[in-house]
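A.B. asks: just to be clear, the model below is a prediction. Sequence and coordinates:
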Amino acid sequence: MEMIRSDFCCCGITGLFLLLTVASPVDAQNAWVNPGSGLWRDGSNWSAGAPPGSTTTLTLLTNANTKTVTIDASTPSANRSVRKLTVSAPPGSTNTLALVNLGAANPFQLLNTFTIDNGGGLYLTNSALVVNGTSGGSFNILGGTAILDSGMLDVSTVTARVGRVTSGILQIKTGTVQAGEIIVGEFTGSHGTLSLEGGKVVLSSLLSLGDGASCTGIVSVTGGDLSVTNDITKIGNLGTGRMVVSNASVALGSVSVARHDGASGTIELQTNGAISLSDDLSIGRFSGSTGQVLVAGGQLSIPTNTIWVGREGGGQLTVSSGTVQALALLVAGNATNTDSGTASMTGGMVTVSSNLTLGNASFLAGQMSISGGHVSVTNDSNTGLLGIPHGTLSLSGGTITADSLALTNSSGALVFRAGTLETKRSAVANGAPFVVGDGTSAATLHLLGGTHSFADGLVISKNATLSGCGTIVGNVINNGTIATNCGAAPVAPSITTQPLGQTVTNGATVVFSVAATGTPPLRYEWFFNGTNTVGAASATLGMTNVQPADAGSYTVKVSNDAGNVTSVPAVLRVLFAPLIGNVGIAGTDLSFTFLTGNGFTYTVEYKNTLTDPAWFTLQDWTSTGGALTASDTTTSAPTRFYRVRVE
């Protein structure tokens with residue numbers, strides 16, 4: 001406080017004025033000056049002689065030497081929030097800010113911006129970090145590494161940038177990240193990596209990988225769950241983007257794999273990975289972009305929307321194992337002269353419920369090759385359409401099943417070298433005979449009833465077979481085998497032994513089986529939770545190394561030329577050992593969390609000593625999945641032991 005005295009004389013009156021001013025509550029910057037490791041709360045480590053607090057404009061952990069600055073549960077609440085914080089280090093040094101055992105109820109808070117630059121690191125274990133964007137700010141990993149070992153990172157009100165300038169990494173081992181918008185790789189020459197090994201990452205806004213030109217953004221999901229369902233995911237926006245998923249679940253909305261001119265993007269789906277979309281998948285979204293999706297296992301599910309392989313740019317879809325499910329699959333099927341699309345399949349299963357279309361009759365051609373696996377273009381209304389208006393489908397192995405086949409443009413062709421083509425209706429009028437087989441390999445055209453029109457004739461090559469039953473319109477030249485059977489009316493399938501539900505531990509092997517009667521051949525399609533095809537095409541469904549994400553309802557549809565029947569659901573329950581984390585202690589109150597599976601009963605029990613004869617129940621739940629929090633407000637004993645039972 002400052003007092004200024006002013007005396008003056010006017011008309012014989014002397015006056016006294018007081019001017020009061022109060023010092024600003026905002027402190028200047030505060031820098032860590034200790035060359036070694038230490039505690040955040042120790043004022044002797046700081047240039048201001050006191051630890052930073054909410055009034056500190058800028059906090060710096062940037063000096064030389066490798067060290068760790070620890071914020072623990074003993075840090076006063078007044079020193080658990082700052083305005084802006086920068087963690088970096090000169091070349092040859094590393095500075096790490098470690099948040100240790102703060103618990104979820106006592107987070108460390110940034111009121112504006114948290115910046116991690118080259119040589120900087122952030123490590124959270126059993127702690128929560130909140131970057132509050134109410135007054136602006138962001139969470140920037142310009143360079144360096146941030147690791148969430150356990151606990152929570154809340155950046156839901158700011159933009160989080162990983163690898164904005166040089167090379168930055170955000171690694172999640174367990175715990176939860178709540179985010180608004182995440183950008184991985186932003187400025188020219190930068191490289192960002194988001195690695196999810198367990199836990200959960202939930203975004204309320206967009207995810208952009210390789211956001212700027214000439215930069216790279218990578219998301220690796222090898223465990224846990226990633227959710228970006230409210231906005232677009234851009235895998236290669238202007239630069240290069242890549243998403244790899246295995247042994248984990250990813251839920252997305254609209255996805256562009258390579259979005260703008262000059263961008264490149266890749267999705268790799270591997271063993272036990274699951275990617276589901278609630279909107280379209282565009283591989284090569286706009287002109288000049290190049291995208292690819294590689295399915296080598298797992299499940300890609302887009303049951304109500306379209307896969308565009310080359311929407312306005314260049315796209316490639318490769319399936320070697322696993323399953324792909326979509327409403328429609330369009331390979332260079334847009335009305336534009338800038339797209340190009342190629343699809344190839346060597347194994348696995350692709351299920352399309354509406355239409356699979358190659359090319360556009362008035363624009364460019366689409367290409368698809370099938371040498372293994374099964375492509376199904378069918379639905380319960382028998383309206384699934386395999387159409388080739390412009391381009392070539394090459395079948396050299398595997399099986400195609402379609403409600404309808406349409407080849408009615410001279411620019412469209414189906415080159416049938418080997419494998420099996422099953423169709424309920426066919427319309428071929430592209431100016432050339434329809435040839436089954438290359439004369440050497442085994443090839444089968446199997447008619448599933450209906451009418452099959454071949455305006456320029458049907459040729460059955462040597463070593464090829466025409467089977468099934470249907471009405472053929474057009475000339476038939478047979479150099480192979482005709483084994484059609486239109487005798488007695490076929491008998492629709494009937495299930496005699498239903499698949500049975502099972503309860504197993506994670507990592508186990510599971511086999512579901514069904515027995516059915518009816519006129520052969522019987523065809524089998526297995527479904528997960530009613531919509532997601534899981535890829536098996538036989539009377540048994542085998543799964544190895546099952547995980548909680550595999551838990552749910554499994555059904556099988558058995559069909560033949562006369563009809564189909566669906567089994568009753570077989571419920572798979574997957575038990576896994578609860579992992580206790582986020583332990584918080586306040587006085588005599590204790591709380592902790594653990595992840596659960598859907599439909600199991602969880603019981604938390606305690607003993608005051610391990611030699612006590614019995615465990616006592618603290619709480620129990622029937623879980624619907626997700627994390628549960630147990631609270632004990634009666635911990636007056638000097639020690640207490642807890643366990644979680646699941647059944």
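C.D. replies: Alright, I've got the coordinates.
A.B. asks: what about residue 310, distance to residue 575?
C.D. replies: Distance of residue 310 to residue 575, given as Cβ to Cβ, to the nearest Å: 44 Å. C-beta: built from backbone N, CA, C; applies to glycine.
A.B. asks: so for these two, which residue has more residues nearby?
C.D. replies: residue 310 (32 against 16; other Cβ atoms under 10 Å).
A.B. asks: pretty sure that one sits against residue 339.
C.D. replies: Yes - applying Cβ atoms under 8 Å, one finds residue 310 in contact with residue 339, separated by 4.2 Å.
A.B. asks: shared neighbours, these two?
C.D. replies: Listed as contacting both residue 310 and residue 339 by Cβ atoms under 8 Å, 6 or more residues apart in numbering are 284, 332.
A.B. asks: which strands or helices does the helix or strand where residue 553 lies pack on?
C.D. replies: For residue 553, the host element (DSSP states H and E) is strand 552-560. Counting contacts by 3 or more Cβ pairs under 8 Å, 6 or more residues apart in numbering; DSSP states H and E, strand 552-560 packs against strand 523-528, strand 563-566, strand 570-575.
A.B. asks: okay, residue 637: pLDDT?
C.D. replies: According to the prediction, residue 637 has pLDDT 80.
A.B. asks: could I get the contacting residues of it?
C.D. replies: Shown in contact with residue 637 (Cβ under 8 Å, 6+ apart): residue 608.
A.B. asks: so residue 351 bridges to which residues?
C.D. replies: When bridges are called by DSSP bridges, residue 351 pairs up with residue 325, residue 376.
A.B. asks: count the neighbours of it for me.
C.D. replies: So residue 351, with other Cβ under 10 Å, has 24 neighbours.
A.B. asks: likewise residue 44?
C.D. replies: Neighbour tally, residue 44, other Cβ under 10 Å: 11.
A.B. asks: which outside residues touch the strand holding residue 553?
C.D. replies: Outside strand 552-560, the residues within contact range by Cβ under 8 Å, 6+ apart are 490, 492-493, 495, 499, 512, 514, 516, 518-530, 534, 539, 541, 564-572.
A.B. asks: neighbours around residue 70, how many?
C.D. replies: Applying other Cβ under 10 Å, we find 19 residues neighbouring residue 70.
A.B. asks: okay, and it sits in which element?
C.D. replies: strand 67-71.
A.B. asks: what packs against that strand?
C.D. replies: strand 38-39, strand 95-116.
A.B. asks: so what touches the shortest one?
C.D. replies: Strand 38-39 is contacted by residues 45, 67, 69-72, 75 when judged by Cβ under 8 Å, 6+ apart.
A.B. asks: which among those count as buried?
C.D. replies: The neighbour count (16 or more other Cβ atoms under 10 Å) marks 45, 67, 69-71, 75 as buried among the contacts of strand 38-39.
A.B. asks: identify the farthest-apart pair in the residues you listed.
C.D. replies: Distance extremes for those: the farthest pair is 67 and 75 at 17.1 Å, using Cβ to Cβ.
A.B. asks: so how far is whichever helix or strand comes after the strand holding residue 70 from its chain's centroid?
C.D. replies: On the C-terminal side of strand 67-71, the closest following helix or strand by DSSP H and E is strand 81-87. Offset of strand 81-87 from its chain centre (Cα atoms, centre = their mean, to the nearest Å): 32 Å.
A.B. asks: tilt between strand 81-87 and strand 95-116?
C.D. replies: Interaxial angle, strand 81-87 versus strand 95-116 (axes from the mean of the first three to the mean of the last three Cα atoms, to 10 degrees): 110 degrees.
A.B. asks: averaged pLDDT, strand 81-87. What do you get?
C.D. replies: pLDDT averaged over strand 81-87 gives 96.
A.B. asks: domains of this protein?
C.D. replies: Following the assignment in automatic domain parsing, the chain carries domains at 494-573, 577-646.
A.B. asks: how about the secondary structure of residue 44?
C.D. replies: helix (DSSP: H, G, I helix; E, B strand; the rest coil).
A.B. asks: so how far is residue 391 from the most centrally placed residue in the chain?
C.D. replies: For the chain, the residue sitting closest to the mean C-alpha position, by Cα atoms, centre = their mean, is residue 250 at 1.9 Å. As judged by Cβ to Cβ, residue 250 and residue 391 stand 30 Å apart.
A.B. asks: ok, the closest residue to residue 437 other than its chain neighbours - contacts?
C.D. replies: Nearest non-adjacent residue to residue 437, counting by Cβ to Cβ, 6 or more residues apart in numbering: residue 464, 3.1 Å away. The neighbours of residue 464, taking Cβ under 8 Å, 6+ apart as the test, are 436-437, 439, 442-445, 479-481.
A.B. asks: now a PyMOL select for only the buried ones of those.
C.D. replies: Filtering the contacts of residue 464 down to the buried ones (16+ other Cβ under 10 Å) takes a single PyMOL command:
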select buried, resi 436+437+443+444+445+480
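A.B. asks: for the host helix or strand of residue 152, name the packing helices and strands.
C.D. replies: For residue 152, the element it lies in under DSSP H and E is strand 151-162. Here strand 151-162 touches strand 95-116, strand 120-131, strand 138-141, strand 167-172, strand 176-184, strand 191-196, strand 580-586, going by 3+ Cβ pairs under 8 Å, 6+ apart.
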